[in-house]
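1. Pasting the sequence and the predicted coordinates here, then a few questions.
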Amino acid sequence: MLGHLDPVMLSRIQFAFIIAFHILFPSFTIGLGSWLAVLQWRRLRTANSAYGDVYHMWVKIFAVTFGMGVVSGVVMSFQFGTNWALFSDRAGNILGPMLGYEVLTAFFLEASFLGVMLFGENRVGRKTYFASNIIVAAGTLLSAFWILAANSFMQTPQGFRIAKDGRLFPVDWKQIIFNPSFPYRFFHMVTAAYLTTAFAVGGVGAWYLLRGRHIKQARIMLGMAMIMAIFVAPLQLFIGDSHGRNTLKYQPEKVAAMEGLWKTQRGAPSIIFGWPDQKDEVTKYAIEIPKLSSLILTHDPEGLVRGLDEWPRGDHPPVPLVFFAFRAMVGLGSLMILTGLTALVLFFRKRLFDTRWFQRWCVLMSPAGFLAVLCGWCVTETGRQPWVVYNILRTEQAVSPVNGATVALSFCAFVLTYAVVFGAGVHFIMKLIGKGPGAREKTYGSRGLDQPVLITDPASEKD
């Protein structure tokens, strides 16, 4: 029975599981690395003990998350050889170097200076320690740069040639790296990572405030998180708009799937909700706003938006999945903007830190960034189907010659292993959050001195 399973579909499901699990960790560490650097800067500038308490709690969480991201990333890369060997053979000359550069220029940088962050506080000068925070934060962004460059090449490939045997070879690395969709994807992903971290940290701070614990530290967490929500969430709206227009130009069928638009038309409506029926090629029960889709995508209410009828059925992505994931992402982003605006009103009313219903709302919103990232990646990757390299290499041409039973068994093994290993990691993170930012003395080593310079920073468990 297992021998009749579709290896292409199973390989796609397995890769979707692995990458969905993996993307949660980089999307958190990218934002958390930068936030830790800001915390350390504020700690040095103000000598406020609360900043140090918050920093020491979250740097441990950063280390655990970073480790889980590395492990899940290694597993993901193994799949290129096990489940997607033909993809590796065809596109490896281009994607291999970019993934290698990510390891050489970003991962080694992050891993080396993360050691200083974790174990060097009492051994190096305060400026050196702060510099290590900056370098780790820069390393996370550099890692995102290379990964997004590789992924964007798969979305909008250029700067290559195709050999007679079907393999892709680089011709112009500048074009390959800075392909048409790369700038939009990079800034969209980095901004999403910052918002993911902000709402996770803000939710923890709100949870402490609700329980009357670590008040000073909780106010820092919630306050800094809401600053990100106030300024970055609306910015993400404009970046997303630019990204959408770029996608309309280079991957119009993906946009048609996102909009649930089956026929090309001018003045295309925006379907707020509906049920895309891929078999009958119609969106049932549609609730529409006339001409809004054309206005958003082309900035012209009578603009032309291409429908899925312009492509053969075999080239259509899975429309329902793309359609609903896109609306979930936009809905979560709208809630983030609303949260930031509410925080701004409460701040001016001097009620930001004592409005309990808002604190409960922030706790509820703490996973919003993670969910939005998953939905966004679902739109990006599923919307590209049936191509693994857009218009160059189809997914069924990229899978390894393995049978369905082998993929099914390995997938089950992955699920069980991830449940145990990463379940333990998440449990440890929750224990760190439950313990909270404890009191301790902070010491910085000083270059040229045998003994560290002591900065006494007592902080109580409760305000």
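-> Right, received. Where do you want to start? Residues are numbered from 1 along each chain as shown.

2. Show the residue spans covered by the helices in the stretch 301-450 of the chain.
-> Using DSSP state H, counting those that start in this stretch, the helices of the stretch 301-450 of the chain run over 319-348, 356-365, 368-382, 404-435.

3. Serialize those to a markdown table and add fields for distance to Glu310.
-> (C-beta placed from N, C-alpha, C; glycine too.) Compiled in a markdown table, the helices of the stretch 301-450 of the chain are given as follows (distance: least, Cβ to Cβ, whole Å):
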| stretch | distance to Glu310 |
| --- | --- |
| helix 319-348 | 14 |
| helix 356-365 | 39 |
| helix 368-382 | 19 |
| helix 404-435 | 34 |
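
4. Would you mind giving the ones you listed as CSV with mean neighbour count, distance to Gln14 and mean pLDDT added?
-> What follows is those, written out as CSV (neighbours: other Cβ atoms under 10 Å; distance: least, Cβ to Cβ, whole Å; pLDDT from 0 to 100):
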stretch, mean neighbour count, distance to Gln14, mean pLDDT
helix 319-348, 19, 17, 95
helix 356-365, 17, 31, 95
helix 368-382, 22, 14, 94
helix 404-435, 14, 4, 87
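
5. Nearest to Ile18 among the ones you listed would be which one?
-> The closest of the helices of the stretch 301-450 of the chain to Ile18 is helix 404-435. By Cβ to Cβ, the value is 6.7 Å.

6. What is the closest one packed up against?
-> Counting by 3 or more Cβ pairs under 8 Å, 6 or more residues apart in numbering; DSSP states H and E, the packing neighbours recorded for helix 404-435 are helix 7-46, helix 49-82.

7. roughly how far out does that helix sit from the chain middle?
-> Taking Cα atoms, centre = their mean, to the nearest Å, the mean C-alpha location of helix 404-435 is offset from the chain mean by 19 Å.

8. coming back round to it: go through the helices and strands packed on helix 404-435 and name the closest to Gly376.
-> Ranking those by distance to Gly376, with Cβ to Cβ as the measure, places helix 7-46 first at 9.3 Å.

9. just how off-centre is that closest one within its chain?
-> The offset between the C-alpha centroid of helix 7-46 and the centroid of the whole chain comes to 6 Å, using Cα atoms, centre = their mean.

10. and if you look at stretch 36-49?
-> Counting by Cα atoms, centre = their mean, stretch 36-49 comes out at 26 Å from the chain centroid.

11. quick one: buried residues of the helix or strand containing Thr140?
-> With the criterion set as DSSP states H and E, the secondary-structure element containing Thr140 is helix 126-155. Applying a neighbour-count criterion of 16 or more other Cβ atoms under 10 Å, one finds 126, 129-140, 142-155 buried in helix 126-155.

12. Would you tell me which of the helices and strands packed on helix 404-435 gets closest to His316?
-> With distances scored as Cβ to Cβ, the stretch of these nearest to His316 is helix 7-46 (15.7 Å).

13. Might you list the low-confidence residue ranges for the chain?
-> Low-confidence segments of the chain, defined by pLDDT under 70, are located at 1-4, 439-463.

14. Just give the closest residue to Thr339, not the sequence neighbours.
-> Among residues not flanking Thr339 along the chain, Ala229 sits closest, at 5.3 Å (Cβ to Cβ, 6 or more residues apart in numbering).

15. Surely the one you found touches Gly340?
-> Yes: at 3.4 Å, Ala229 counts as touching Gly340 under the criterion of Cβ atoms under 8 Å.

16. which element is the closest residue to Leu344 other than its chain neighbours on?
-> Taking Cβ to Cβ, 6+ apart as the measure, Leu344 lies nearest to Ile230, with 5.3 Å between them; neighbours along the chain are not counted. Ile230 belongs to helix 215-250 when elements are defined using DSSP H and E.

17. can you state the direction angle for that helix and helix 319-348?
-> Inter-element angle recorded for helix 215-250 and helix 319-348: 140 degrees (by axes from the mean of the first three to the mean of the last three Cα atoms, to 10 degrees).

18. name the helices or strands packed onto the helix or strand just after helix 215-250?
-> Later in the chain than helix 215-250, the nearest helix or strand by DSSP H and E is helix 252-259. In terms of contact count using 3+ Cβ pairs under 8 Å, 6+ apart, helix 252-259 is assigned the packing partners helix 215-250, strand 304-305, helix 319-348.

19. now those as TSV including distance to Trp311?
-> Formatted as TSV, those follow (distance: least, Cβ to Cβ, whole Å):
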stretch	distance to Trp311
helix 215-250	14
strand 304-305	14
helix 319-348	12
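
20. tally of neighbours for the closest residue to Glu253 other than its chain neighbours?
-> Counting by Cβ to Cβ, 6+ apart, Trp311 is the residue found nearest to Glu253 once chain neighbours are left out, at 5.3 Å. The criterion is other Cβ atoms under 10 Å. On that basis, Trp311 has 14 neighbouring residues.

21. just Thr197 next, same as before
-> Taking other Cβ under 10 Å as the neighbour definition, Thr197 ends up with a count of 25.

22. ok, the closest residue to Ala50 other than its chain neighbours - how many residues close by?
-> Leaving out its chain neighbours, the residue that sits closest to Ala50 by Cβ to Cβ, 6+ apart is Lys216, at 4.1 Å. Other residues near Lys216 number 18, with proximity taken as other Cβ under 10 Å.
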